[in-house]
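[1] Sequence and predicted structure, then a few things I'm wondering about:
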Amino acid sequence: MTPRKTIVALGEILWDVFPDGAHFGGAPANFACSAAELGGAATEVFIVGSVGRDDLGARAIELLSGHGVNTNFIAETEQPTGQVLVTLDAGGSPSFEIATNTAWDNTAWTNDVGSLASRADAVCFGTLGQRSAVSRQTIQKFVQSTRPDCLRILDINLRPPFWNEEIIRQSLTLANILKLNDAELKTLSEVLGWCGSEADVLRRTIDTYSLSFVALTRGAEGATLIAANGERSDLPAPRVAVADTVGAGDAYTAALCVGLLQRFPLETINRWATQVAAYVCSQPGAAPHLPDNLRTPS
């Protein structure tokens, strides 16, 4: 019997407050929810983070558990559970106002967290979760403590003003897989001082940081997935009626992670990931339950 793969999300657990009310969110939490549903019985998905001793914290743990995520590594802190004020433009694209000094900024390292790191088959982390010194130290130490064969996925998730050049470079050095969107690619090019075409910048990023894969999402324009050996998949996004785009990139990353762990072909992974992301765009909130027909590649 094949052992279950251990997938770990690191970072922010929070609530996105939309005009119509609060929806559960946070990129690592969204990723964990989708990964647990897509991986099914073949995976066990954990999240390492923190919530407050409040109603939103209790609801967050309940929702994560409802998606099949193991919540044993979520700590409770004196700080409140994180919140983000989300506003949407006419096309459903979000802008964010993120509360500071919340629970997820205070995720401390423990020996149990270190034991989880040593058995992780894949870990997903970003830059936003590293905005505080406490959580940044925990996230970076976790990734450093994984086995050499672990998938270390940087979903870069740039949220001004909560990133800087040092965190970006440190995170790229820790990662072996990078996921970013077209706006983040432009920012990354500026931070690293790299010119040239999109293809040139992606290739240079792979070579400079010894990455195995880079995934570039472009919203309605689809996604590109590139392997270090030069294999490439470019696919358009399925057309859907967009409710909002929050969480779509996190769902893409989840399918990418599960697909790589299951050694699916590159084109299959990219197609599956774009289909899952499109479905999330068609639903309100960042972490909807996924239909059965999307839980395996078509």
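    It's in. All values reported here derive from a predicted model rather than from experimental measurement.
[2] As a check, name the ranges of all helices in the stretch 51-200 of the chain.
    For the stretch 51-200 of the chain, the helices defined by DSSP state H, counting those that start in this stretch occupy 55-66, 111-118, 133-144, 165-174, 182-192, 198-208.
[3] Now tell me what touches the second one from outside.
    Residues external to helix 111-118 that are found in contact with it (Cβ atoms under 8 Å, 6 or more residues apart in numbering): 6, 8, 46, 48, 73, 123, 138, 141-143, 145-147. Where you see a C-beta, it was placed from the backbone N, CA and C, and this is true even at glycine.
[4] quick check, distance from that helix to the centre of its chain.
    Relative to the mean C-alpha coordinate of its chain, helix 111-118 is positioned 20 Å out (Cα atoms, centre = their mean, to the nearest Å).
[5] Likewise for stretch 276-283?
    The mean C-alpha position of stretch 276-283 is separated from the chain mean by 15 Å, Cα atoms, centre = their mean.
[6] How about stretch 44-59?
    Its chain's C-alpha centre and that of stretch 44-59 lie 16 Å apart, by Cα atoms, centre = their mean.
[7] Next, the buried residues of it.
    Neighbour-count burial for stretch 44-59 flags 44-52, 56-57 (criterion: 16 or more other Cβ atoms under 10 Å).
[8] same thing with stretch 247-263?
    In terms of neighbour count (16+ other Cβ under 10 Å), stretch 247-263 has its buried residues at 247-262.
[9] do the same with stretch 277-292
    Of the residues in stretch 277-292, 277-281, 283, 285-288, 290 count as buried by neighbour count, 16+ other Cβ under 10 Å.
[10] before we move on, the earlier item: would you mind reformatting the contacts of helix 111-118 (as JSON lines) and adding columns for pLDDT and distance to Glu190 while you're at it?
    JSON lines is the format used below for the contacts of helix 111-118 (pLDDT from 0 to 100; distance: Cβ to Cβ, whole Å):
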{"residue": "Thr6", "pLDDT": "98", "distance to Glu190": "36"}
{"residue": "Val8", "pLDDT": "98", "distance to Glu190": "31"}
{"residue": "Phe46", "pLDDT": "98", "distance to Glu190": "34"}
{"residue": "Val48", "pLDDT": "98", "distance to Glu190": "31"}
{"residue": "Phe73", "pLDDT": "98", "distance to Glu190": "35"}
{"residue": "Val123", "pLDDT": "98", "distance to Glu190": "27"}
{"residue": "Thr138", "pLDDT": "98", "distance to Glu190": "29"}
{"residue": "Lys141", "pLDDT": "98", "distance to Glu190": "29"}
{"residue": "Phe142", "pLDDT": "98", "distance to Glu190": "28"}
{"residue": "Val143", "pLDDT": "98", "distance to Glu190": "25"}
{"residue": "Ser145", "pLDDT": "98", "distance to Glu190": "32"}
{"residue": "Thr146", "pLDDT": "98", "distance to Glu190": "30"}
{"residue": "Arg147", "pLDDT": "97", "distance to Glu190": "34"}
